[in-house]
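Q: I would like to see how this sequence folds:
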Amino acid sequence: MFPYNFSSLILFNFNINNAIDISGMFSNCSFLTSLNLTNFNSINVNNMSWMFAECISLTYLNLSNFKTDNVNNMSYMFFNCKSLEYLNLYEFNTKNVTNMSYMFSNCSCLKYLNLCTFNTCKLINSTYMFYNCSSLTFLNLLIFNSINVTNMSFMFLGLNKNCRIILNDEKMLNEL
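A: From the prediction side, this is the model:
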């Protein structure tokens, strides 16, 4: 949707009220360092896969106002955002998400990730979800529920060995 060669983008009150698929919307924006999505209305969206993938220069991203109630696919959403140091997903509603595979894969500069609000009751695929998050020192997965997950292969592969992980799911503990 956007050209790959811009470095800053402000989308104040950007209207996507009727959009249901915004997959790849910012993918491959390799020069993008900042992105302001204040009041970004994503209430009807069901697919956010690859949305920020390959934004290799992006360092800060606050998505706390995103409406994700209807999203079922977040696979590769932040894939290879290797400069990303801050990511706020605190208000994300993930109750309908079935696919989070590769979601944070290769976010190698990310140090802190709080997913304590993630409801994963419908999650089926979490393959390579945190692959190569080699700088991560804190990961909160307290309410993660893997009861329906059929594939969590290599979910934590390449994770920082000193990362403090908070989780309460025995199936995921076995994956560590």
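
Q: low-confidence ranges, the chain, go.
A: 1-15, 38 (pLDDT under 70).

Q: go again using 90 as the cut-off
A: Across the chain, the ranges flagged by pLDDT under 90 are 1-18, 29-43, 62-67, 90-92, 168-176.

Q: show me which residues of stretch 53-71 are buried.
A: For stretch 53-71, a neighbour-count test (16 or more other C-beta atoms under 10 Å) marks Ala53, Glu54, Cys55, Ile56, Leu58, Leu61, Leu63, Phe66, Thr68, Asn70, Val71 as buried. Every residue, glycine included, has its C-beta placed from N, CA and C.

Q: so for it, first residue to last residue, what's the gap.
A: Using C-alpha to C-alpha, to the nearest Å, the end-to-end distance of stretch 53-71 comes out at 17 Å.

Q: quick one: the strands in the chain?
A: 8-10, 34-36, 60-62, 86-88, 112-114, 138-141, 164-167 (DSSP state E).

Q: tabulate these (TSV), appending distance to Leu176.
A: Converted to TSV, these look like this (distance: least, C-beta to C-beta, whole Å):
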stretch	distance to Leu176
strand 8-10	37
strand 34-36	32
strand 60-62	27
strand 86-88	22
strand 112-114	15
strand 138-141	11
strand 164-167	7
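
Q: relative to Ser126, which of these is closest?
A: strand 138-141 (10.2 Å; C-beta to C-beta).

Q: direction included, what does the closest one pair against?
A: Paired neighbours of strand 138-141 in the sheet (DSSP bridges): strand 112-114 (parallel), strand 164-167 (parallel).

Q: deepest-packed of these, please.
A: Ranked by mean neighbour count under mean count of other C-beta atoms under 10 Å, the strands paired with strand 138-141 are led by strand 112-114, which reaches a mean of 18.

Q: give me the distance from it to the chain's centre.
A: On the basis of C-alpha atoms, centre = their mean, to the nearest Å, strand 112-114 sits 11 Å off its chain's mean C-alpha point.

Q: cool, and stretch 94-109?
A: With C-alpha atoms, centre = their mean, you get 5 Å for stretch 94-109.

Q: how about the CA coordinates for that stretch, as CSV?
A: The C-alpha trace of stretch 94-109 is given here as CSV (Å, rounded to 0.1, in the frame of the first residue of the first chain):
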residue,chain,number,x,y,z
THR,A,94,-6.5,-11.8,20.5
LYS,A,95,-9.5,-13.9,21.5
ASN,A,96,-10.2,-14.8,17.8
VAL,A,97,-6.6,-15.3,16.6
THR,A,98,-5.8,-18.7,15.3
ASN,A,99,-2.4,-18.1,13.7
MET,A,100,0.5,-16.3,15.4
SER,A,101,3.3,-18.2,13.6
TYR,A,102,6.5,-16.2,13.1
MET,A,103,4.7,-13.2,14.7
PHE,A,104,7.8,-11.8,16.4
SER,A,105,10.4,-13.9,14.6
ASN,A,106,13.8,-12.1,14.1
CYS,A,107,12.9,-9.2,16.3
SER,A,108,16.5,-9.4,17.5
CYS,A,109,16.7,-6.0,19.2
